[in-house]
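Student: let me see the structure of the following:
(2 chains)
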2 protein chains.
Amino acid sequence: MYKLYDFLPSGNCYKIRLLLKQLGIAYERVDVDILSGQSRTDAFLQLNPNGRVPVLAHNGNYLPESNAILWYLAMNTAFLPTDAFAQAQVLQWLFFEQYSHEPNIATARYWISILKAKDHYAEPLKGKMEAGYAALDVMERHLQAKCFFVADQYSIADMALYAYTHVAEEGEFDLSAYRHIKAWFGRVQAQANHIGIQCA
Amino acid sequence: MYKLYDFLPSGNCYKIRLLLKQLGIAYERVDVDILSGQSRTDAFLQLNPNGRVPVLAHNGNYLPESNAILWYLAMNTAFLPTDAFAQAQVLQWLFFEQYSHEPNIATARYWISILKAKDHYAEPLKGKMEAGYAALDVMERHLQAKCFFVADQYSIADMALYAYTHVAEEGEFDLSAYRHIKAWFGRVQAQANHIGIQCA
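Tutor: Predicted structure coming up:
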């Protein structure tokens, strides 16, 4: 059975719970409270030397990095297109998410709504907001003409980007002008076995 | 024929030139001077709305994100393991590179050696150095017991991590204590058809 080292408020962990739910895969959930340092203990660093959740355990192997886990679980399922170029485009958006989106949008949410330390991070937040809006603009432009991110089908690219975008307002991003993103939220939420971010 | 939108000093672009060379694939190189804004023109944003190099063009399609391009080119070659879990581990390291490594080590190099603006960035550089050394520590620990990052074979995981690590000293990272990383440099450089960072 799969085991997921997990922190419920984390969008990176939520991606994996959402995919596991939609694949109908049972798994054991292990809570790792990152706020009290549980992802930096010696025991946890044995599983992931980079000290981050999620980590997926399976057959004695440990796989970190949320988007690598998505890929591993989605291979040969309906949530990953079969065409080679479309698969590369899924990876394109997964890397976009981890490089241009998550470090800004998730970090603003973490500082403001999880650490509740908006004033402390006021200066670096300015750069996070600017870069976060730039990432949202790229998504909005792409979704003008598309229902989903790749190959007109709901895939792990959508799951990865949905995770932190749909709670961007918790990082004080104003989504009111992003009508294509909001319409896409509805299409993602309408998928069978959709679950909310804090759900397992 | 493949066309690569390229900036010679960029490690992200170098990854692709290195793989193309080692695959023996001929391609057309298009210089994009990111320092004079050529990656943010309307014409370039049509190719990559995120405004970054490299972009690979093939059969009228455009693929951004260096590590997605590596994956696309390496599929079904000796530079990507065939086992599904090993492939997921390659992705693990590609995401590690783009999230924990490149934003720190490449950015320090960019500010110090390319923009020559070390003083201007003195304050944010502190955080980049700390996080960059943390990434180097993760690599050093992993390479204690391994010749290459995944499956005991030279793969795109090595290429992606080599690109900015081997020039980390241009970002004023001191590599003298990282003996496993330096031994791995030698193994990477000994591969057939290896080329240096500014070479095409």
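
Student: is the nearest residue to A:I195 once chain neighbours are set aside in a helix, a strand, or coil?
Tutor: Nearest residue to A:I195, sequence neighbours excluded (CB to CB, 6 or more residues apart in numbering or on different chains): A:K21, at 5.2 Å. In short, each C-beta sits where N, CA and C put it, glycine included. Here A:K21 is recorded as helix under DSSP: H, G, I helix; E, B strand; the rest coil.

Student: what do you get for A:R29?
Tutor: Here A:R29 is strand, with the state taken from three-state DSSP.

Student: show me the contacts for it.
Tutor: Residues near A:R29 by CB atoms under 8 Å, 6 or more residues apart in numbering or on different chains: A:3-4, A:6, A:17, A:200.

Student: next one: A:M129
Tutor: Neighbours of A:M129 in contact, by CB under 8 Å, 6+ apart: A:104, A:108, A:172-173.

Student: of the contacts of A:R29, closest to A:A151?
Tutor: Of all the contacts of A:R29, A:A151 sits closest to A:R17, with 23.9 Å by CB to CB.

Student: so the residue nearest to that closest one when sequence neighbours are not counted versus A:A135, what's the distance?
Tutor: Nearest-residue entry for A:R17: A:A200, 5.6 Å, with adjacent residues in sequence omitted and distances by CB to CB, 6+ apart. Applying CB to CB, to the nearest Å, the value for A:A200 to A:A135 is 28 Å.

Student: of the two, which one has the most company?
Tutor: A:A135 (24 against 14; other CB atoms under 10 Å in any protein chain shown).

Student: surely the more buried one meets A:H101?
Tutor: Yes. The criterion here is CB atoms under 8 Å, and A:A135 meets it with A:H101 at 4.2 Å.

Student: what's the offset of the longest helix along chain A from the middle of its chain?
Tutor: In chain A, ranked by residue count with DSSP state H as the criterion, the top helix is helix A:122-143. In terms of CA atoms, centre = their mean, to the nearest Å, the centre of helix A:122-143 is set 16 Å apart from its chain centre.

Student: that helix: what's the following helix or strand?
Tutor: For helix A:122-143, the following helix or strand on the C-terminal side (DSSP states H and E) is helix A:156-165.

Student: can you spell out which helices and strands pack onto that next one?
Tutor: Other helices and strands packing on helix A:156-165, by 3 or more CB pairs under 8 Å, 6 or more residues apart in numbering or on different chains; DSSP states H and E, are helix A:11-23, helix A:66-74, helix A:84-96, helix A:102-109, helix A:122-143, helix A:179-189.

Student: determine which stretch of those helices is the most buried.
Tutor: Of all those, helix A:66-74 has the most neighbours on average by mean count of other CB atoms under 10 Å in any protein chain shown, namely a mean of 25.
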